[in-house]
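In: Dropping a prediction and its sequence here:
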Amino acid sequence: MIELDRVGVSYGDRQVLRDVSLTISDGDLAVVIGRTGRGKSTLLGTLCGLVPHHTGGTLSGTVRVAGRQTSQHRPADLADLVGYVGQDPLAGFVTDRVEDEVAYGMEQLGVAPAAMRKRVEETLDLLGIADLRRRSLTTLSGGQQQRVAIASVLAAQPRVLVLDEPTSALDPTAAQDVLSALTTLVHDVGLTVVLAEHRLERVMHAADTMVWLDGEGGVLAGAPEDVLVVSDVVPPLAALSTVLGWDRVELSVRDARRRVQRERIETHAPAPAAPATAPVLLEASGITVSYGGVVAVSGASLDLREGRITALMGRNGSGKSSLLWAIQGGLAHTGTVRVGGLSIAGLPAAEARRKVGLVPQTASDLLYLTTVAEELSQADRDAGAPAGTAAGILAELGVTLLPDSHPRDLSEGQRLALVLAIQLAAGPRVILLDEPTRGLDYAAKEALAGILRRLADEGRAVVVATHDVEFAADATGDTVLLADGDVVAVGASRTVLTGSPAFAPQVTKVFAPVPVLTVADVAAGLRRP
Amino acid sequence: MAASAEADHSVTTLAPVDERTEPLQRPLRTLHPWAWWVWALGCGAAASLTTNPLILLLLVGAVLAVVSAKRGDDPWARSVRAYLILAALVLGIRLVFQILLGGQRVGTVLFSLPEIGLPAWAAGIRIGGPVTAESVAATLYDGLRLATLLICVGAANALANPRRALRSVPPALADLSLAVVVALTVAPQVVESAFRVRRARRLRGSARTLSAIVIPVLADALDRSMSLAASMDVRGYGRARGTTGAWPWLALAGSGAATLGLYGLLGLPGSSPWAGPSLALGVGAVIVALAASGRRRGTTRYRPDPWGGPEWCVAAAGVLVAGILVALTGAGSAMLRPSTDPLVWPALDPTTPAGALILAALVLAASPLVTAPSNGGSR
């Protein structure tokens, strides 16, 4: 179905893909993996013609989809063959209602009105969004938006569906919805699906083919269990395979669990940590936030202790962001927030950020200068700190950035580190991060976990709002579970995460009921027959 | 990049809606948006032809009654309030300027303001002085006319989904309507990202420069428009467009002829026998050109709004309201322009033929109360 023959893509003198030859057969679900910045999006772009028609750059070699060469056809002319859903579905919506959005592509293709109505109905049913048909697109949740975006390209009946990180912004349950929709499309409709994904643990069990971008511009394609053995992208189950000395990577929790039982591998959980006794740095109680009559956070209370990293988890829309903003003081709320016993209500912004630092979900919102060096020195001035403070913190975090590079050219992970350094320059002892793992690959997440540990070791209290259960298991000591604006569970991550079906990491599921959280836990407690 | 702290909130805000199980049956039939526009513009045109406050107030009453009875629960349905405020503002500003700057200084003096004479080079402008009932009445009448016009436009906005109205333009103008739709989509997103960035700036402390807001917002808007363009491209936008041939030129020539005809009719009344035919010919040419090049676009339309009996009734009501007032203006009816000097109580006498006609026009303006279905909202 898809053939790439010696494909190279370069932007100016930067060669992103080099000599890529690849075949994806009809009806496959292919997953493209690779570290950030290695050209996953570029590879996907070549399939639908966006590269080079929309992005510029030079394409060498040939890309054929169902025999049509994408360099010879504009993306619009491939619309009946390849459907493409970008990273942010909301940014790709042209109309304002679900039904109209689904019909838009067909209107452009000139499908007869009668056929169009029929196909809209079929597509809505296929993705289970018929009850949303008259809803305004902006009022949908993330998972619903993603499914509408898929429906809107699917209605044109393409034979290939290309998705760029379809689940990266979603909570585990919504991601599951989107993935099951995709597997239905592959299994029942016979569609060929190509998707790029950082959170490999979510999709790898469904993959037929895995394409690994090796960072030199080349690719390795093959069966997932073979590719994962050599790739530098290491999802939890691959790490587990390494620790257990398995020759191939088990792709699903079920397979891994069976193999563990077959080989009688036993492990035991580390002794439960003593309850935290470190002094409380921040005490939030009865926090309530409401927007125009709708309550986002209702009476949530939270204690943050010195030297502890806390994960703030919950569905999309459970009030995680609102709670963080309220604690920082940037959002009108009722309830009290005390730092070191003193209320911080009504503090001016410059004072509040000395008490509590917040790295927002869109970290780039804080950046507005043209070079990293300027941003850092501005941060010193903003914080009233001696020159070089922010740059020093950045170095301490173990991140090196070229001083004259543009902040918008940095990778997600680098940008996050820059904003973190800027916020730390004000010297807050409590630091809050809202959804920091978005767009980070496993290595970058590991680096982030290291940075957070360092901050905690220096005696700060760190809170991370995240959907990423694997990251939470790996990097945090405590977990607070929010549902519907209220705290429903609080405790050690080990207790909270292993007890929840939706938020349990894969390793836990493999060894349940033994409460191990991470591969390191397994390795430490390993007993072989 | 585009998802944000705000995204989290908007989802939160709507969580209860998610849980609501929504009925699958079609909502009540909504009236074609253009029918509402014809009706509202007809009422507006009628309002612009009279300064009689009785007629204007009754017309406003009729229009507002229709709006409150027929609007849905969509965001745009609330816009009529903004137009009411705007109308009151227009009226107020005109009145204040009239009182301050005066103008007509003879007649019944209501009260006198201290007068400031400006220096010689600004001769003719006096601030303050006597305020006459005649001048205040004239200003009020004229201001009310403008206010009514604004309320009529507001009513159309509240009753007709602007995007649905744009969906119903001739296919030849689809590019134009698309540009407006994209603007309508991106504008609130830019506002949202400006809000988000402004809030984020607080986190950064003292950075108070404009660039701290403008640059992230612009970068965000640029990213969004690039993704939107890519999305439209891969979904086949612009794919089916054939060559348009000479049709655009015909449209251009047609609109030229129509403009010339209109100028002849309005600017040189009575002296240009060519004006009528030129206007007719021009309009005809434009219609033919739009239809022909629309067919060549090769796009189709999903569920176009039907135009049936209720649409004819509502649109006809608008046209008739305007037509009655135009006819009365042509007949020189005094009821449309009550005298303010000398100041007399404005008359609306239904026993005279003109009065009866005006009353009929007002009833027509309110007729959508009966003829139009209620907007079921977009949901």
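Out: Sure, I can see it.
In: for B:Leu57, what are its contacts?
Out: B:Leu144 (C-beta atoms under 8 Å, 6 or more residues apart in numbering or on different chains). In short, each C-beta sits where N, CA and C put it, glycine included.
In: Please apply the same query to A:Thr36.
Out: The neighbourhood of A:Thr36, defined by C-beta under 8 Å, 6+ apart, consists of A:198, A:411-413, A:439-441, A:444.
In: let's see 6 Å
Out: The neighbourhood of A:Thr36, defined by C-beta atoms under 6 Å, 6 or more residues apart in numbering or on different chains, consists of A:411, A:441.
In: wait, is it part of a helix?
Out: No. With DSSP: H, G, I helix; E, B strand; the rest coil as the criterion, A:Thr36 is assigned coil and is not in a helix.
In: What parts of the stretch 51-200 of chain A come near chain B?
Out: With the criterion set to C-beta under 6 Å from any C-beta of the partner chain, the stretch 51-200 of chain A comes near chain B through A:54, A:75-77, A:79, A:84, A:86, A:88, A:91-92, A:94, A:96, A:103, A:105, A:107-111, A:113, A:116, A:131, A:134, A:139, A:141, A:169.
In: From those, which land in strands?
Out: Judged by DSSP state E, the subset of these located in strands is A:Tyr84.
In: For ChimeraX, what selects the buried ones among the residues of the stretch 51-200 of chain A next to chain B?
Out: If you want just the buried ones from those in ChimeraX, going by 16 or more other C-beta atoms under 10 Å in any protein chain shown, the selection is:
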select /A:54,75,76,77,79,84,86,88,91,92,94,96,103,105,107,108,109,111,116,134,139,141,169
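In: got any ranges where the chain has weak pLDDT?
Out: No chain was given, so I picked chain A. Applying pLDDT under 70 to the predicted model, the residue ranges of chain A that meet it are A:528-529.
In: ah, no, chain B please
Out: Within chain B, the stretches with pLDDT under 70 are B:1-28, B:73-76, B:103-105, B:120, B:122-125, B:206-208, B:240-245, B:268-271, B:296-297, B:374-379.
In: Now do the contacts for the spatially most central residue of it.
Out: The centroid of chain B falls nearest to B:Val153 when counting by C-alpha atoms, centre = their mean (3.4 Å). By C-beta under 6 Å, 6+ apart, no residues touch B:Val153.
In: Off-centre distance for the helix or strand it falls within?
Out: Under DSSP states H and E, the secondary-structure element containing B:Val153 is helix B:133-159. Averaging C-alpha positions (C-alpha atoms, centre = their mean, to the nearest Å) puts helix B:133-159 13 Å from its chain's average.
In: Do a quick rundown of the helices in the stretch 101-250 of chain B.
Out: When secondary structure is read from DSSP state H, counting those that start in this stretch, the stretch 101-250 of chain B shows helices at B:133-159, B:162-167, B:174-204, B:211-234, B:247-267.
In: winner for burial among those helices?
Out: Per residue and on average, the most neighbours among these fall to helix B:133-159, with a mean of 22 (mean count of other C-beta atoms under 10 Å in any protein chain shown).
In: What about B:Arg126, how many residues nearby?
Out: Burial of B:Arg126 is recorded as 16 neighbouring residues (other C-beta atoms under 10 Å in any protein chain shown).
In: Let me see the contact set for it.
Out: For B:Arg126, the set of contacting residues under the criterion of C-beta under 6 Å, 6+ apart consists of B:Glu115.
In: which bits of the stretch 251-400 of chain A sit near chain B?
Out: Near chain B, when you scan the stretch 251-400 of chain A using C-beta under 6 Å from any C-beta, you find A:291, A:294, A:296, A:316-317, A:319, A:321, A:330, A:349-350, A:353, A:358, A:360-362, A:365-366, A:368, A:382.
In: which of the residues you listed count as buried?
Out: If you count burial by 16+ other C-beta under 10 Å, the buried members of these come out as A:296, A:316-317, A:319, A:321, A:330, A:349, A:353, A:358, A:360-362, A:365-366, A:368, A:382.
In: ok so, going back, just to be sure, which of the residues of the stretch 251-400 of chain A next to chain B are found in helices?
Out: A:321, A:349-350, A:353, A:382 (DSSP state H).
In: Mind checking what secondary structure A:Thr23 has?
Out: For A:Thr23, the secondary structure call by three-state DSSP comes out as strand.
In: ugh, wrong one, A:Ile150
Out: When classified by three-state DSSP, A:Ile150 comes out as helix.
In: ok, now which ones touch it?
Out: Listed by C-beta under 6 Å, 6+ apart, the contact set of A:Ile150 reads A:Val85.
In: let's see it at 10 Å
Out: The neighbours of A:Ile150, taking C-beta atoms under 10 Å, 6 or more residues apart in numbering or on different chains as the test, are A:83, A:85, A:89, A:102, A:123, A:126-127, A:129, A:161, A:163, A:166, A:178, A:181-182, A:185, A:193.
In: same thing with A:Ile2?
Out: For A:Ile2, the contacting residues are A:22-26, A:28, A:30, A:46-47, A:63-66, A:70, A:82, A:159-160, A:162, A:192, A:194, taking C-beta under 10 Å, 6+ apart as the criterion.
In: mind redoing it with 6 Å?
Out: Shown here is A:Ile2, whose contacts under the criterion C-beta under 6 Å, 6+ apart are A:24, A:65.
In: That one bridge partners, please.
Out: Using DSSP bridges, the bridge partners assigned to A:Ile2 are A:Ile24, A:Val65.
In: That one and chain B, how far apart?
Out: According to C-beta to the nearest C-beta, to the nearest Å, A:Ile2 stands 16 Å off from chain B.
In: what about whichever residue of the stretch 251-379 of chain B sits closest to chain A, how many neighbours?
Out: Using C-beta to the nearest C-beta, B:Tyr302 is the residue of the stretch 251-379 of chain B that sits closest to chain A, at 3.5 Å. Here the number of neighbours of B:Tyr302 (other C-beta under 10 Å) works out to 20.
In: Give me the phi and psi for the closest residue to A:Ala206 other than its chain neighbours.
Out: On the basis of C-beta to C-beta, 6 or more residues apart in numbering or on different chains, the spatially nearest residue to A:Ala206 that is not a chain neighbour turns out to be A:Thr183, at 5.2 Å. According to degrees, to the nearest 10, the main-chain angles of A:Thr183 amount to phi -70, psi -40.
In: Which segments of chain A make up each domain?
Out: Under automatic domain parsing, the residue ranges defining each domain of chain A are A:2-233, A:280-518.
In: end to end, how far does the last one reach?
Out: Start-to-end span of domain A:280-518 (C-alpha to C-alpha, to the nearest Å) is 27 Å.
In: One more: the shortest one?
Out: End-to-end distance of domain A:2-233 (C-alpha to C-alpha): 24 Å.
In: Tell me who's in contact with A:Val32.
Out: For A:Val32, the contacting residues are A:40, A:43, A:196, A:211, by C-beta under 6 Å, 6+ apart.
In: what element comes up after the host helix or strand of it heading to the C-terminus?
Out: Secondary-structure element containing A:Val32, defined by DSSP H and E: strand A:29-33. Scanning forward in sequence from strand A:29-33, with DSSP H and E defining helices and strands, the next element found is helix A:40-48.
In: for chain A, what are the nearby residues on the stretch 201-350 of chain B?
Out: Counting by C-beta under 6 Å from any C-beta, the residues of the stretch 201-350 of chain B that sit close to chain A are B:202-207, B:211-212, B:215-216, B:224, B:227, B:230-240, B:298-300, B:302.
In: Hmm, A:Asp208 and the residue nearest to A:Ala206 touching each other?
Out: No. With contacts defined as C-beta atoms under 6 Å, A:Thr183 does not count as touching A:Asp208, sitting 10.8 Å away.
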